[in-house]
Each structure stands twice: as structure tokens, then as C-alpha cells.
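J.: this is a predicted model, with the sequence first.
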Amino acid sequence: MIGRVWKFGDGIDTDLLAPGAYMKGSVEELAKHCLESVEPKFAASVKPGDVVVAGRNFGIGSSREQAAQALKMLGVAAVVAESFGGIFYRNAFNLGLPALVCAQAGTIEAGQQIDIDPAAGRIVVRNDGRVLTCDAVPEHLMQIVALGGLVPYLEQRFRRAG
Amino acid sequence: MTGAAAIRPQTLAQKIVARAAGRDSVSPGEIVICRVDLAMIHDSGGPRRVKPILERLGVPVWDPERVVVVSDHYVPAVDADSAAILKLTRDWVKDQAIRKFYDQQGICHVVLPERGNLTPGLFVVGGDSHSPTGGAFGCFMFGVGATDMAGVLATGETWLKMPETILIRWGGRLSDGVSAKDMMLHACTRLGMDGGDYQVVQYDGDGVRALSMTERMTLSNMAAELGAMTGLIAPDTVTAEYIAAAGGEAADIDRWQADPDADYRAVHEFDAASLAPQVAAPHSPANAGDVTSVADGKAIDQCYIGACTGAKLEDLHMAARVLKGRQIAANTRLMIAPASTRITAAAAADGTLAILTEAGAILLPSGCGACAGYGAGVLAEGERCMASTARNFQGRMGARSATVFLGSPYTVAATAVAGQIADPRPFLAEGKA
Ligand code: SF4
């Protein structure tokens, strides 16, 4: 997948992704405020297929799934970061959003076009041709992502079994 | 390459995960699928969230004997909405033929081991962020979100990326008036709330070995505040005795130990002997210092002894040692919510409750209560509270402008007597004379 980069720093927490003040409402409404305290135009300008690239500890904080759900709802195709908050990492895949651990995420710049191959653990920066390695996403997680998350994945599994 | 020769020395976490994954060994960073020995959910994140997903999948829970349900967040019901959540929980448990259902018996992380459900080596998933508490029993227990839990309940399995282990070693022994809560507030402040980096934290050293199970549970519980996946303590005779008394399955202590040469990402050394009572100032558990440096002489409106991490029997005993023969200050109120109904009964039988109530404490029902701002005992705008809970995030215990300080039950009790943040040690010294 090829996507345009939105770049963020370290420690993007679940309150920035899914602000507590909007947690009572729908995820659609919540998504409009995703990351607004660090990048006010993000939610309005992000396009389907865009990619979020960040530093360390992306998604730290609470276990609220809405943090990953909001990005997914805005059309974000993947998140690439130096490291992730553990519960966010799980929630992202379970909700159909690939999360890639890439030590060199910091060298990717905002607005660049990157070509991500999660299964191979490879990112090609189209602007300068650099090839970055990341942790390969295993087959079963890729299947979950391909089907849109854990629930549709299990639905298919039970349908086959039944 | 396979065979015994290829297996590197394993940490305790690696051994448990390898067993659950049906393998000889597992390396950090590998993603594996594990069979779940036990799944725990509560009234808030449980049935009301997972029921629609299981219905969509058209399946019941995979094994009703391996599911524990605890109603603790909305208990007792305070309005029609919370009553409906509790009713939905009861109806669903019945419908799914789940027998391990603890309805208003106390807080999940305390009730689970108290009723003999945990034994070393188990792979346990909990629908709550303080699920690392189970690590005190040598279980690999961690918290997940609702969709994740629905997947566990539907299939009996889950995936994980094998974490590394960070060792936190406490040398020396705590002095009188200092407790496990103080150890964790200090560790959070030194290492930061992401110091655990979603790896396994394992506690060891003389300072940990000297602790009772209930104090060890406080260490493991607050591994969540370090951002760790779980907080393990290798089982020993203390563990085995607790489990035997709780009627659990016999603990295999020898099997569930790390290999001597296992690899650790980092080893952090702390000294229990020199640790003073700690108080975390608003709004983070990682914002702690010695009680004497945080005490500001300003009035505290409410003192709260409650929560999974701060209202076990031993916690009540700590408070009683300070409160015996004393009265709480006129400017404050002291609320005590024992962590389970069994703890309330034990504290009634041994005279602890009488000491607490004679000092002016108000007893609240066993449950999450004011800890997460769901139940009785929440704060008004601008109020200042000293609590034995695990988190003091802004707005958590009620009004947004309320401020919460965290400390041990000793420190909360001393603060109640003084009406302002106070060091418990002088009270204990006087009490002894
Ligand atoms: S007592 Fe507080 S920390 Fe413990 S489970 Fe309940 S809400 Fe969570």
C-alpha cells in the first residue's frame, strides 16, 4: 500500500487520539477530534489511504479501543511508529488497522509518499528510494486486517467451521 | 532447528507463554497464539460489551468453566442505568451457564484470587487494565479491550507478541509504616509511566520476598501504572500457602521459576530499607515524593481507603494501627470501602471495623466505588482528596477540578487524623509506646 505521511512525535496518547470529552458520543463524532490538540487540521484533511508516522510509545494510556477506531474511521491505512503502547497495538489489529514497528520511523518526513509492505516488514520511501526495515507483520494478523478486524475475521472462521 | 539443545534459558514469562502456546520455548518479539486458561470480565467492560459481538458471531462462550464474571464497577446500583447493567450481567451469566459469578462480592482483582481461581503458570486474560494483579500469583495475566475479550470468549485463544522481562529488584526490608504502595509510587516516579514499555515487569529481591500476598498484589496491580503488560512475582511458599487457604489448585512452585541464565532487558535496583512513605501529587502516580516533601499543610476534604490496590484486609489493618484510639480531624471525612465482602467479614471478626468506625470512618460497600468515579464517595469541584487507590488522573474521582493525592493506607489514615497530608510514622511510634 502507498500512502501520504502525517508525521507526529513521541508519546501520542489515547487522550490525544480519542479525547475523553467526546467519549460519550458516537465514534464518528469522536473521530472529528482525533489528534486535534497536536494537529488541528488532521481530522478534516486526512485522506483515505494516508499513513500516520510517529515516534516512541504511540497510543499509550487507556485501553479505549476508540483510539484506533477513530484513525480507522478517518481512513488511515496504517500507523508506523518506533514503538507502540501495548494495548493500542492489540486494539489496532483487532479493529483492522495495521501497526508497524519501525526503528527508522523518525527518518520519514511529513508529506512523503511511502510504500508499505507489512507482511515483508519493508517500507520504501518513494521520494528518495530509501528502503527501511520494520518488524514483519505475521500472516494471521494480516488476515485479520484484510477482513477489517477481529470480529469479521472470526465471523468467517465460524462460518467455515459451521 | 529444533530439539532441547536449541532452547535458550527462559524467563518465567516465556515459560508460561510457551506452555500456553503448546511449544517448548518462545523468544521475545515472536507472535504466538495461546490457549487461555481463564478469562475474567466485569460488569462494566464485560457482558454489555461482548454480548452483541458473540451474538453476531452466533457462538456462546467457549468454555463456561473458564470464565469468571465479577460485578464490581456499578455496585450497588445507584440509578436505573446501573441497575440495568447489573441485571444484564446476571441474565447473561445465567444464559451462558457460567458458574464462577461473583455478584457484588468485591473488586474483581481481589475476588479472583480470594476464591482460589489463580495458581502459578496460568495464562489469564482480564477485561480490565489492572489485570496484571494476577502476576503476583505467578500467572501471566494481562488486560485487553472489549473486542479482544470477545475474541477470547468466542475461541478460547488469543495472540500476543512475546515481551521481554524487566527485573525490578528491591533489596533490604521496608521499615515500619512503609508499604507496597510506597514502593510502587516510588518506582513509577523513577521509571515513568511508560517505564514498563508493555514488557513484563518482574519483581524480586528480599524486599519483595518479605511481603505478604496482599502486598505483592499491590506491586503487580500497579505494573499497569508502569505501562507493563503484566507484573510477575515468582511463586514461593508464601504464594502456595495463600492459594491453599483460598482453596485453589496446588501450586507447582518449582516448575514456575525463571532459568538462572535467562535474559532480561534491564535490571533496576531499589532499596526498600531506606524508602520513606510516598505521596503522589496530582495528576499522576509518577509524581511522587517523600510524604514530608509533599505535605503542604493545606486541608484535605476527603480521605478514601478503597480500590483493588488499597483496601485489602492488610490495608485495613494498616489504617487501624494509625486510627486506634484516635479521631479523624473535624475538617475532613474518611470513607472506607473494603475490597471484598469477605474482607469486611474478617475485619468485623477481628475488631478492625470497630476501630475504624470509632475513629469516625464511614463504611462503604465493597466495589470500585469512588475509585473510578462510578459509585458513592465522589468529589466536588475544587476538593482535595488523599486516597489509597492506584490512579489520580484528572477528573477520575468526580469533578474535573478536584485533586487526588495517592498514598498508602497508613498515610491516608494519618492524613485523616491530621486533616492535612501527614507522615504516618510518628503516629505508629506513639501507638507503640
Ligand atoms: S477499584 Fe479502581 S482500579 Fe481497581 S478495578 Fe475498580 S476502578 Fe479499576
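T.: Sure thing, it's come through. Residues are numbered from 1 along each chain as shown, chains lettered A, B, ... in the order given.
J.: can you list the residues of the stretch 151-300 of chain B near chain A?
T.: Contacts of the stretch 151-300 of chain B with chain A, taken as C-beta under 8 Å from any C-beta of the partner chain, map to B:151, B:154-155, B:159-161, B:163, B:193-194, B:197-198, B:227, B:229. All C-beta atoms are positioned from the backbone trio N, CA, C, and that covers glycine.
J.: if you set the cut-off to 10 Å instead, what comes out?
T.: B:151, B:154-155, B:158-161, B:163, B:193-194, B:196-199, B:224, B:227-229 (C-beta under 10 Å from any C-beta of the partner chain).
J.: and the helices in chain A?
T.: A:14-17, A:27-31, A:42-45, A:66-73, A:86-94, A:139-147, A:150-161 (DSSP state H).
J.: surely A:Leu35 touches A:Phe8?
T.: Yes: at 7.3 Å, A:Leu35 and A:Phe8 qualify as touching, with contact defined as C-beta atoms under 10 Å.
J.: so those two - more neighbours on which side?
T.: Per other C-beta atoms under 10 Å in any protein chain shown, whichever of A:Leu35 and A:Phe8 has more neighbours is A:Leu35, with 23 against 20.
J.: for the closest residue to that one other than its chain neighbours, grab the count of nearby residues.
T.: Spatial nearest neighbour of A:Leu35, chain neighbours left out: A:Phe42 (4.6 Å); criterion: C-beta to C-beta, 6 or more residues apart in numbering or on different chains. Counted with other C-beta under 10 Å, residues neighbouring A:Phe42 total 19.
J.: which residue does chain A bring closest to chain B?
T.: A:Gly86 (2.8 Å; C-beta to the nearest C-beta).
J.: low pLDDT regions in chain A?
T.: A:20-25 (pLDDT under 70).
J.: domain parsing for chain B?
T.: B:11-161, B:165-236+B:245-271, B:278-432 (automatic domain parsing).
J.: who's in contact with residue 91?
T.: Went with chain A since none was named. Taking C-beta atoms under 10 Å, 6 or more residues apart in numbering or on different chains, we find A:Asn91 in contact with A:14, A:59, A:63-69, A:84-85, A:97, A:99, A:149-150, B:144-148.
J.: that's the wrong chain, I wanted chain B
T.: B:Asp91 neighbours (C-beta under 10 Å, 6+ apart): B:Pro47, B:Lys51.
J.: tell me the secondary structure at it.
T.: Three-state assignment for B:Asp91 (DSSP: H, G, I helix; E, B strand; the rest coil): helix.
J.: so what pLDDT did it get?
T.: pLDDT recorded at B:Asp91 is 98.
J.: nearest residue to the residue in the stretch 151-300 of chain B that chain A sits nearest to other than its sequence neighbours?
T.: Closest to chain A within the stretch 151-300 of chain B is B:Tyr198: 2.8 Å, counting by C-beta to the nearest C-beta. Excluding the flanking residues, the one nearest B:Tyr198 by C-beta to C-beta, 6+ apart is A:Gly86, at 2.8 Å.
J.: any idea how far that neighbour is from the ligand?
T.: A:Gly86 sits 18 Å away from the ligand, going by C-beta to the nearest ligand atom, to the nearest Å.
J.: which residues touch the nearest residue to A:Trp6 once chain neighbours are set aside?
T.: Spatial nearest neighbour of A:Trp6, chain neighbours left out: A:Val52 (5.2 Å); criterion: C-beta to C-beta, 6+ apart. Residues near A:Val52 by C-beta under 10 Å, 6+ apart: A:3, A:5-8, A:12, A:17, A:34-35, A:42, A:46, A:58, A:71, A:74, A:76-81, A:97, A:99.
J.: what sits against the most centrally placed residue in chain A?
T.: Nearest to the geometric centre of chain A sits A:Val79, at 3.1 Å (C-alpha atoms, centre = their mean). The contact partners of A:Val79, by C-beta under 10 Å, 6+ apart, come to A:6, A:8, A:12, A:17, A:51-54, A:58-59, A:68, A:71-72, A:88-89, A:92, A:97-101, A:105.
J.: repeat that for A:Pro152.
T.: Applying C-beta under 10 Å, 6+ apart, the residues contacting A:Pro152 are A:Gly96, A:Ile144, A:Ala146, B:Arg56, B:Leu57.
J.: and if you look at B:Asp301?
T.: Residues near B:Asp301 by C-beta under 10 Å, 6+ apart: B:331-333, B:379-380, B:382-386, B:402-403, B:419.
J.: what parts of the stretch 51-200 of chain B come near the ligand?
T.: Taking C-beta under 6 Å from any ligand atom as the measure of proximity, the stretch 51-200 of chain B contacts the ligand at B:Ile107, B:His109, B:Asp128, B:His130.
J.: can we see that at 5 Å?
T.: Within the stretch 51-200 of chain B, the positions near the ligand by C-beta under 5 Å from any ligand atom are B:Ile107, B:His130.
J.: any low-confidence regions in chain B?
T.: Ranges of chain B meeting pLDDT under 70: B:1-6, B:394, B:431-433.
J.: ok so, going back, please identify which of the contacts of B:Asp301 is nearest to chain A.
T.: Closest approach to chain A among the contacts of B:Asp301 (C-beta to the nearest C-beta): B:Ala402, at 15.1 Å.
J.: if we can go back for a sec, now do the shared contacts for A:Leu35 and A:Phe8.
T.: A:Leu16, A:Phe42, A:Val52.
J.: quick one on the thing from earlier: give the contact list for the residue of the stretch 151-300 of chain B closest to chain A.
T.: A:57, A:60, A:83-90, B:142, B:161, B:163-164, B:226-230.
J.: and the closest residue to B:Phe123 other than its chain neighbours, how many residues sit next to it?
T.: Excluding the flanking residues, the one nearest B:Phe123 by C-beta to C-beta, 6+ apart is B:Ala20, at 3.7 Å. Residues near B:Ala20, counting by other C-beta under 10 Å, number 23.
J.: B:Ala20 touches B:Glu157, doesn't it?
T.: Yes: contact status for B:Ala20 versus B:Glu157: in contact at 8.8 Å, counting by C-beta under 10 Å.
J.: overlap of the contact sets of these two?
T.: The contact sets of B:Ala20 and B:Glu157 overlap at B:Ile33, B:Cys34, B:Arg35, B:Val36, B:Phe123 (C-beta under 10 Å, 6+ apart).
J.: dump those residues into a markdown table; add secondary structure and neighbour count as well.
T.: Shown next, in a markdown table, are the shared contacts of B:Ala20 and B:Glu157 (DSSP: H, G, I helix; E, B strand; the rest coil; neighbours: other C-beta atoms under 10 Å in any protein chain shown):
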| residue | secondary structure | neighbour count |
| --- | --- | --- |
| B:Ile33 | strand | 14 |
| B:Cys34 | strand | 24 |
| B:Arg35 | strand | 15 |
| B:Val36 | coil | 21 |
| B:Phe123 | strand | 21 |
